[in-house]
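Trainee: kindly generate the corresponding structure for this input.
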Amino acid sequence: MASITAVATGTCSLQRANYVSHQSLVGARGTLHFSNSVSSPALFLQVPNNNNKIGRRNDGSVTAVRHLVGSVTKTEGLRFAIVVARFNEVVTRLLLEGALETFRRYSVREEDIDVVWVPGSFEIPVVADRLGKLSKYNAVLCIGAVIRGDTSHYDAVANSAASGVLSAGLSSGVPCVFGVLTTEDMDQVKLNYVH
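Mentor: Take a look at the predicted model:
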């Protein structure tokens with residue numbers, strides 16, 4: 001089994017558990033660079049070892065694929081922001097409650113979570129970007145609900161929210177998690193998302 005260790009300096013290296021070889025994930029230096037915007041505790045990603053030979057052929061193609069699976073092993077010192085849309089609050093409040101329960105299950109302290117309410121899903125990316133650039137949070141969770149119904153602006157709001165959250169994460173260097181539901185109607189929300 002191999003593990004990737006990310007340290008607060010913003011770099012990580014891939015090492016085989018048996019210490020036989022040191023392989024690079026990116027480039028020849030054996031390091032993968034992360035954003036230095038937030039100093040965070042170490043994260044560990046584990047690579048299953050299925051005893052397949054992994055390497056490159058002479059033509060540069062990869063002979064096997066490695067799967068990197070992440071998990072947060074330590075939440076102490078991590079801070080999170082949650083941006084929640086008020087529009088369709090009957091749905092977004094339930095999603096927020098589920099998110100807070102998940103944070104509690106992973107031992108994130110309540111004082112390490114800030115919840116910011118915005119008018120609708122269209123405004124989520126602007127606030128997510130600002131929060132990410134504060135260098136105060138390790139991740140920003142974005143929660144909203146865009147329901148098509150009889151309105152014609154569904155596509156514009158859904159597309160703007162999706163591309164905006166992605167852009168916020170890229171520009172701030174802080175992961176912005178897209179948790180905006182996009183459904184055809186309220187019945188679909190009740191059937192598939194809210195129990």
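Trainee: pull the number of nearby residues for residue 177.
Mentor: Residue 177 has 17 neighbours, counted by other CB atoms under 10 Å. (Glycine included, C-beta is placed from N, CA and C.)
Trainee: domain ranges for the protein?
Mentor: 1-74, 80-192 (automatic domain parsing).
Trainee: mean pLDDT for the ones you listed: which is lowest?
Mentor: Confidence, taken as mean pLDDT, is least for domain 1-74 of the domains of the chain (a mean of 47).
Trainee: give the next helix or strand downstream of the longest helix along the chain.
Mentor: As assigned by DSSP state H, the longest helix anywhere in the chain is helix 154-172. Where DSSP states H and E defines the elements, the next helix or strand beyond helix 154-172 is strand 176-183.
Trainee: which residues touch that following strand?
Mentor: 85, 91, 95, 99, 121, 124-125, 128-129, 132, 139-148, 154, 158, 161-162, 165-166, 168-169, 189, 192-193 (CB atoms under 8 Å, 6 or more residues apart in numbering).
Trainee: apply 7 Å and report the result again.
Mentor: Strand 176-183 is contacted from outside by 91, 95, 121, 124, 128, 132, 139-147, 158, 161-162, 165, 168-169, 189, 193, using CB atoms under 7 Å, 6 or more residues apart in numbering.
Trainee: what's the angle from it to helix 154-172?
Mentor: 170 degrees (axes from the mean of the first three to the mean of the last three CA atoms, to 10 degrees).
Trainee: adjacent strands (with direction) for strand 176-183?
Mentor: Sheet pairing for strand 176-183, assigned by DSSP bridges, gives strand 139-147 (parallel).
Trainee: can you pull the buried residues of the strand it pairs with?
Mentor: Applying a neighbour-count criterion of 16 or more other CB atoms under 10 Å, the buried positions in strand 139-147 are 139-147.
Trainee: just give me the neighbour total for the nearest residue to residue 139 once chain neighbours are set aside.
Mentor: Of all residues not flanking residue 139 in the chain, residue 175 sits nearest, at 4.5 Å (CB to CB, 6 or more residues apart in numbering). Per other CB under 10 Å, the neighbour tally for residue 175 reads 16.
Trainee: now do the helices in the chain.
Mentor: According to DSSP H, the helices that the chain contains are 89-105, 124-133, 154-172, 186-192.
Trainee: deepest of the ones you listed, which one?
Mentor: helix 124-133 (a mean of 22; mean count of other CB atoms under 10 Å).
Trainee: packing partners for it?
Mentor: strand 80-85, strand 113-118, strand 139-147, helix 154-172, strand 176-183 (3 or more CB pairs under 7 Å, 6 or more residues apart in numbering; DSSP states H and E).
Trainee: re the thing from before, tell me which of the buried residues of strand 139-147 is nearest to residue 117?
Mentor: residue 143 (10.0 Å; CB to CB).
Trainee: what residues of stretch 103-115 count as buried?
Mentor: 103, 108, 113.
Trainee: for that stretch, measure first residue to last.
Mentor: 13 Å (CA to CA, to the nearest Å).
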